[in-house]
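Participant: just a sequence and a predicted model for now, questions to come.
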Amino acid sequence: MNTPRPHLSFDLEQIGHRPLAKLIRDNFSSPLEIKVDADRCIAIANWGSSRSFDVGMLILHGEGAMEVGRNSPTYGEYLGVPPELEPDRDYSAIAELAIDSFGDEHWLEDVESDADHGRRAAALRAWLGERMPIDWEAACDWLLDNGPSDRTPGFELESHMSKSDKEQFGVKIVDLGGPASSVPAVRFLGSIEDLNMLLNKVGLPYVAIGPVKR
């Protein structure tokens with residue numbers, strides 16, 4: 001009988017910044033496969049977009065899948081509404097917080113102007129639990145600063161390497177983006193065998209696969 005492969009999920013808002021290498025070590029018994037791509041840069045071999053988070057990535061490991069990302073905050077989370085405040089009892093205090101940030105009582109858009117306090121409080125409670133629209137540019141910038149990307153193994157390796165090893169194997173940080181974008185990556189000019197030797201040398205939980213022409 002085959003054992004089901006785990007599907008792991010990590011919310012970066014809850015776990016904070018955590019190196020990808022540590023997530024791999026803590027959750028899998030074997031290394032994660034990486035590759036040297038057509039740009040001669042180090043990247044995760046098998047990955048995709050997150051299915052559980054608004055912004056994030058799905059990492060495919062031989063032992064299972066792992067998602068890492070974050071969701072857009074709710075209006076209540078964004079405003080930092082203290083847990084002791086309750087819409088029925090503290091309507092005015094919460095409304096003041098919201099109006100200071102958003103300039104209007106948006107939660108009353110579908111509520112009659114003469115609605116009683118209970119209906120207005122219920123609308124506010126529902127609105128506080130709604131997720132905010134995603135600012136994709138800001139969300140992606142946040143993910144680059146706080147979470148892993150398909151290029152993360154290269155940066156982890158580069159940070160552990162000596163200057164002489166970097167020079168010998170042509171390791172350097174490059175930007176694959178265009179005039180209006182930035183796509184940082186780590187270039188590697190050695191062979192797959194060289195890469196695996198270096199990964200073992202610095203103790204990172206990755207294994208390079210596939211032939212690369214030098």
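Facilitator: Sure, I can see it.

Participant: tell me where the chain has helices.
Facilitator: Secondary structure of the chain (DSSP state H): helices at 12-15, 20-27, 75-79, 91-102, 117-128, 136-146, 152-160, 163-169, 192-202.

Participant: work out the gap between the third one and the centre of the chain.
Facilitator: Its chain's C-alpha centre lies 20 Å from the corresponding centre of helix 75-79 when counted by Cα atoms, centre = their mean, to the nearest Å.

Participant: got the contact list for that helix?
Facilitator: Residues from elsewhere that reach helix 75-79 (Cβ atoms under 8 Å, 6 or more residues apart in numbering): 94, 97-98, 101, 127-130, 132. Yep, even glycine has a C-beta here, placed from its N, CA and C like the rest.

Participant: filter those residues down to the buried ones, PyMOL style.
Facilitator: To isolate the buried ones among the contacts of helix 75-79 in PyMOL, judged by 16 or more other Cβ atoms under 10 Å, type:
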select buried, resi 94+97+98+127+128
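
Participant: could I get the contacts of helix 75-79 as CSV with pLDDT?
Facilitator: Putting those into CSV (pLDDT from 0 to 100) gives the following:
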residue, pLDDT
94, 88
97, 85
98, 87
101, 84
127, 89
128, 88
129, 88
130, 87
132, 83
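
Participant: would you list the contacts of helix 75-79 in TSV and tack on distance to residue 164?
Facilitator: As requested, the contacts of helix 75-79 are exported to TSV (distance: Cβ to Cβ, whole Å):
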residue	distance to residue 164
94	60
97	56
98	58
101	53
127	59
128	56
129	56
130	55
132	49
